[in-house]
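In: What would the 3D arrangement of this be:
(one chain, ligands or ions: 1)
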Amino acid sequence: MNILDKIVADKFKEVALRKQLIPASQLEQSVLFDRKSPSLATALSTSNSGIIAEHKRRSPSKQVINHTLNVQDVATGYENAGVCGMSVLTDGKYFGGSLDDLLLVRAVSKFPLLRKEFIIDEYQILEAKAYGADVILLIAAVLTREEIKNFSEFAKSLGLDVLLEVHNLEELEKSIMPSLDMLGVNNRNLKTFEVSLETSKTLSTKIPDDFVKVSESGISSIDAIKELQPYGYKGFLIGENFMKTDNPGASATEFIKQLK
Ligand SMILES: O=C(O)c1ccccc1NCC(=O)[C@H](O)[C@H](O)COP(=O)(O)O
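Out: Reported below is the predicted structural model:
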């Protein structure tokens, strides 16, 4: 079993338990449920830098990245840096995140928030809305075309943006549909952890212009962004490069300054 299979197998068990603890009807009563979500796709299309900065305590590929920071301080730092949005990892077992992280970040910020999660059930989309997210991630490697259609249409009905993540042409071809806002190419192979920006470059021509293109993972320099921009990428998801520092917000500020 590769790591992605393990994460997904655990996620099915976790979601089954969560559904018993908090019924969907209770999530729909969250005070955040009727909040109007700002669009990450719009923010990226109108930005010069296009940075989506991630909160990432640890990962299967790197183990511990940063366990000492306060998530609200990280969010405030990123928002002050002028990033377009923030990605909040909510998986506990593999990434050390939680839905509480999302809620804490929502309490101190206005910019678009992506719930970074392994979504395998509509219930997790209700959770995303109830805990203050504006965007959900759908990973083509773990979903059928029908699931992508159902989950993305459900997310749109709640006013959320949808970022669909692919890693190869087969995943891209099965996924293209009008209910997606952004197409993300993950430069990291989630089964082997191999990272290459060539993945974004190769797939870029196959992504229709109707979608905002996002390049994800392994981005650690201005040169990488400059290399990807000519391929039509408007969004750049960066985690470790900021989170490995003592002050991710200051690191993002410096990064964006160099992009201008
Ligand atoms: O980061 C991992 O090791 C990982 C392993 C298995 C599944 C997902 C994984 N990461 C999720 C992400 O997509 C990244 O956190 C995100 O793109 C940021 O990447 P980076 O800038 O390289 O931290």
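In: The closest residue to residue 98 other than its chain neighbours and residue 217: what is the separation?
Out: Leaving aside its chain neighbours, residue 98 sits nearest to residue 92 (5.5 Å; criterion: C-beta to C-beta, 6 or more residues apart in numbering). Where C-beta positions appear, they are placed from N, C-alpha and C, glycine not excepted. Using C-beta to C-beta, to the nearest Å, we find residue 92 at a distance of 20 Å from residue 217.
In: one step back: near the residue nearest to residue 98, how many other residues are there?
Out: When neighbours are counted by other C-beta atoms under 10 Å, residue 92 registers 15.
In: Where in the chain is the helix or strand with the lowest mean pLDDT?
Out: Least confident helix or strand, the chain: strand 63-64 with a mean of 94, by mean pLDDT, DSSP states H and E.
In: How about it and the ligand, any contact?
Out: No - using C-beta under 6 Å from any ligand atom, strand 63-64 stays clear of the ligand, with a minimum separation of 9.1 Å.
In: which is the next helix or strand following that strand?
Out: helix 71-81 (DSSP states H and E).
In: tell me the mean pLDDT over that next one?
Out: For helix 71-81, mean pLDDT rounds to 98.
In: for stretch 157-168, same thing?
Out: Mean predicted confidence for stretch 157-168 is 98.
In: and this structure, which residues reach the ligand?
Out: Residues of the chain lying near the ligand (C-beta under 6 Å from any ligand atom): 3, 54, 56, 59-61, 186, 188, 190, 193, 216-219, 237-241.
In: 5 Å instead, please
Out: With C-beta under 5 Å from any ligand atom as the criterion, the chain comes near the ligand at residues 59, 60, 61, 190, 216, 217, 218, 237, 238, 239, 240.
In: Buried only: go through those residues for me.
Out: 59, 61, 190, 216, 217, 218, 237, 238, 239, 240 (16 or more other C-beta atoms under 10 Å).
In: So which of those residues belong to strands?
Out: If you go by DSSP state E, these have 59, 216, 237, 238 in strands.
In: ok, now which ones touch the first one?
Out: Taking C-beta atoms under 8 Å, 6 or more residues apart in numbering as the criterion, residue 59 is in contact with 65, 94, 95, 239, 240.
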